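Trainee: coords please:
(4 chains)
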There are 2 protein chains.
Amino acid sequence: MARVTLKTIAIKTGYSITTVSRALAGYSDVSPATREKIVAVAEELGYYPNLTARQLQKQRTDTVGIILPTFGPRFADPYFSEIIAGIGDELAQQGYDLLISTCPPGPGELAAYRHKVEGGRVDGLIVIRTRRQDQRIAYLAQTSFPFVAFGRTDLDLDFPYIDEDGEAGSYELTRHLISLGHQRIGYISAPPDLMFAHFRLQGYRHALTDAKLPYDEQVVVYGDLTRRGGAQVARRLLSLTPRPTALIAANDLMALGAIAVAREAGLEIGRDLSIAGFDDIPPAEITSLTTLRQPIYEIGRRLSQMICALIRGQTLEQSHVLLKPKLLVRASSGPPLHT
Amino acid sequence: MARVTLKTIAIKTGYSITTVSRALAGYSDVSPATREKIVAVAEELGYYPNLTARQLQKQRTDTVGIILPTFGPRFADPYFSEIIAGIGDELAQQGYDLLISTCPPGPGELAAYRHKVEGGRVDGLIVIRTRRQDQRIAYLAQTSFPFVAFGRTDLDLDFPYIDEDGEAGSYELTRHLISLGHQRIGYISAPPDLMFAHFRLQGYRHALTDAKLPYDEQVVVYGDLTRRGGAQVARRLLSLTPRPTALIAANDLMALGAIAVAREAGLEIGRDLSIAGFDDIPPAEITSLTTLRQPIYEIGRRLSQMICALIRGQTLEQSHVLLKPKLLVRASSGPPLHT
DNA sequence: TGTCTCATCCAAAACGTTTTGGGCGTATAC
DNA sequence: GTATACGCCCAAAACGTTTTGGATGAGACA
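Mentor: Residues are numbered from 1 along each chain as shown, chains lettered A, B, ... in the order given. Have a look, this model is predicted:
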């Protein structure tokens, strides 16, 4: 049972390959009678066009790519899955496929991007979790390949992106804790080369400064964005004297790790120690974690909309989108016990 | 800046396209001297092979596909993301890409599968969340296209799969609750056409029967696998008289929904009402939910290993894998209050 | 009768790669 | 001096599709 191609149909019907192709594509220069015959035979033979061949000819793949910057062996971060969900759903609706690969951040990363871009594997790319000096963005911006990013960079380049206003969010959250009476607020940052880590830390700093509170490097630590990593560095913060009365983590996962550590230490969350996170992933609600909500799923959809528009050659009416995260005050934050 | 192809290099170096191709591919029938020249020029011009063309010629795509059966508009189920993480990581390691699309279950689904298979879009497929009469499996089994499934079916077909022994797990969990003293155990099932729903419900039934407890249809309800759906039907169960003293949900998400409802009703989980789930997604641990753990991430990896082997034409040493889920007893289950 | 239009069809080129099946020298073996 | 072998190279075919640029013949119109 060999593959049935246009040629098969052409031979069986006696028409040329051209005519068969054009009949199936619905061109008007083939008579209704022959079209019917051809369609019938195609149906009967179970013809299905070879998409690779079509891609080669049309010079487009109807596919959008994303390369997940996985640290370690896995990307099972709810943040990734939410955004992929949004991207995938919207892409499906627009008639595109999603090609996912993974590549750890580092020197090999550029090769992965070239592979996709110059290999013509996809029509456009979505870049997530941007970094301050992001080589991926630098590379893509210098080609004219369509791409959108989730996040800004420090580079002096103009490119389409969606980003949350992490600084504003972080500022608001810190102010919230300050207004509750906290004076010594620990901060669990994300790796500092990540752009969002920078913004979120900035917001925290500015809020302290504006409240005339000192910025103490001792209470600022760096975690790897995982639950376990958050727990690790939270332990360090909790052993300081005087102990911070509140902790902010740069993402919910680390905040959850901190909560686990604090509980182990016999602290009641929201009373003995306030903890807040960032993102509002599903477990956050269950744990009553005060956090900053960003609509990750929605962002995924909008990223897809943008990349599809770019691929189609349209110009974006808005190529720089900045979303304000929403502060959700839950039980994990409360006034400090006075000493 | 036009695309640089083999032809570009051929013209620039004066060699033929064939020689250029073979030089870059490392064949031994081109002299080291010319190979060097060609490689140098390729490098200089920034040559990158067109993958679509290569695919067309080689008749393979080095891509594995998966079609997510999304109910409603989104697939942000932690279960999906875990398994995709496992699949993607392993695939990347084996040198394959992952092509993801989404398609709601229903009549249009087969077309999506034909699209991938007969369009030559991918070299193999992974099918997840199998159904009792699974048309996708029926279709794929009848072609000789490589695929593996996560889950069995009721169809009389032989195909490679990995599955958890949901019946055994569910049996063990139900026995656990019975041994704690529960007599009236509510069950929140998944949609009954899903194969795993069937097995899990079976385990519950058998455990009751073996303990000489009645199987009461009144306490068996059906949810849509989401948190909200679980909450909805849990409300129904909690309004029954006599009220069940324990609830089992066919997945953790619904169990979490049930917990929320029970708390609203002023019940203390693990004391006034025991609740157990299935899957052990990350929030389960945080919520101290008694559940059955299945290593979803690992299953994803193994699925990938199997499909890669099949694509390479190897025969699987084990084409039917059945994994026993592990019972994790946490604080959400305890003995009933005696009345 | 000759020209023009129009409907219908098709051969060939193109997309960029790999593979097939040699060709052409030069060196080795007899 | 003639076979044989081998190192190096290449033209052409192939993968399956779409597009380009006509070709053909019938009917309309002068």
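Trainee: Now do stretch A:310-325: distance to the chain's middle.
Mentor: Relative to its parent chain, stretch A:310-325 has a centroid offset of 15 Å by CA atoms, centre = their mean, to the nearest Å.
Trainee: Quick check: which element contains the closest residue to chain B within the stretch 151-300 of chain A?
Mentor: For the stretch 151-300 of chain A, the residue closest to chain B is A:Pro283, as judged by CB to the nearest CB, at 4.1 Å. (Each C-beta comes from the backbone N, C-alpha and C, glycine too.) Element membership for A:Pro283, per DSSP states H and E: helix A:282-286.
Trainee: thinking in terms of the whole chain, how far from its middle is that helix?
Mentor: 19 Å.
Trainee: packing partners for the following helix or strand past it?
Mentor: Counting by DSSP H and E, the next helix or strand C-terminal to helix A:282-286 is strand A:291-293. Applying 3 or more CB pairs under 8 Å, 6 or more residues apart in numbering or on different chains; DSSP states H and E, we find strand A:291-293 packed against helix A:166-180, strand A:326-328.
Trainee: okay, those, which one's buried deepest?
Mentor: Highest mean neighbour count of those: helix A:166-180, a mean of 21 (counted as mean count of other CB atoms under 10 Å in any protein chain shown).
Trainee: Contacts for that helix next, please.
Mentor: Applying CB atoms under 8 Å, 6 or more residues apart in numbering or on different chains, the external contacts of helix A:166-180 come out as A:185, A:196, A:199-204, A:206-208, A:210-211, A:213, A:246, A:248, A:274, A:276, A:278, A:290, A:292, A:294, A:324-325, A:327, A:329, A:333-336.
Trainee: Give the rounded mean pLDDT of it.
Mentor: On average, the pLDDT along helix A:166-180 is 98.
Trainee: same deal with stretch A:249-257?
Mentor: 95.
Trainee: residues making contact with that stretch?
Mentor: Taking CB under 8 Å, 6+ apart as the rule, stretch A:249-257 contacts A:77-79, A:187-190, A:196-197, A:200-201, A:223, A:225-234, A:247-248, A:258, A:275-281, A:283-284, A:287, A:289, A:291, A:332, B:286.
Trainee: Give me the buried subset of these.
Mentor: A:77-79, A:187-190, A:196-197, A:200-201, A:223, A:225-227, A:229-234, A:247-248, A:258, A:275-281, A:283-284, A:287, A:289, A:291, A:332, B:286 (16 or more other CB atoms under 10 Å in any protein chain shown).
Trainee: For stretch A:55-69, which residues meet the burial criterion?
Mentor: A:Gln55, A:Leu56, A:Thr61, A:Asp62, A:Thr63, A:Val64, A:Gly65, A:Ile66, A:Ile67, A:Leu68, A:Pro69.
Trainee: from these, which is closest to DNA strand C?
Mentor: A:Leu56 (4.0 Å; CB to the nearest atom of the strand).
Trainee: Leaving aside the residues adjacent along the chain, what's closest to that closest one?
Mentor: Distances taken as CB to CB, 6 or more residues apart in numbering or on different chains place B:Thr52 nearest to A:Leu56, at 4.8 Å, with adjacent residues excluded.
Trainee: so which strand or helix has the one you found?
Mentor: helix B:51-58.
Trainee: likewise A:Gly230?
Mentor: Judged by DSSP H and E, A:Gly230 forms part of helix A:227-238.
Trainee: Dump whichever helix or strand comes after that helix to PDB, keeping only the CA atoms.
Mentor: Using DSSP H and E, the helix or strand that follows helix A:227-238 towards the C-terminus is strand A:246-249. C-alpha atoms of strand A:246-249 as PDB (Å, rounded to 0.1, in the frame of the first residue of the first chain):
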ATOM      1  CA  ALA A 246       8.000  39.200  56.100                       C
ATOM      2  CA  LEU A 247       9.300  37.500  53.000                       C
ATOM      3  CA  ILE A 248       8.700  38.300  49.400                       C
ATOM      4  CA  ALA A 249       9.600  35.700  46.800                       C
END
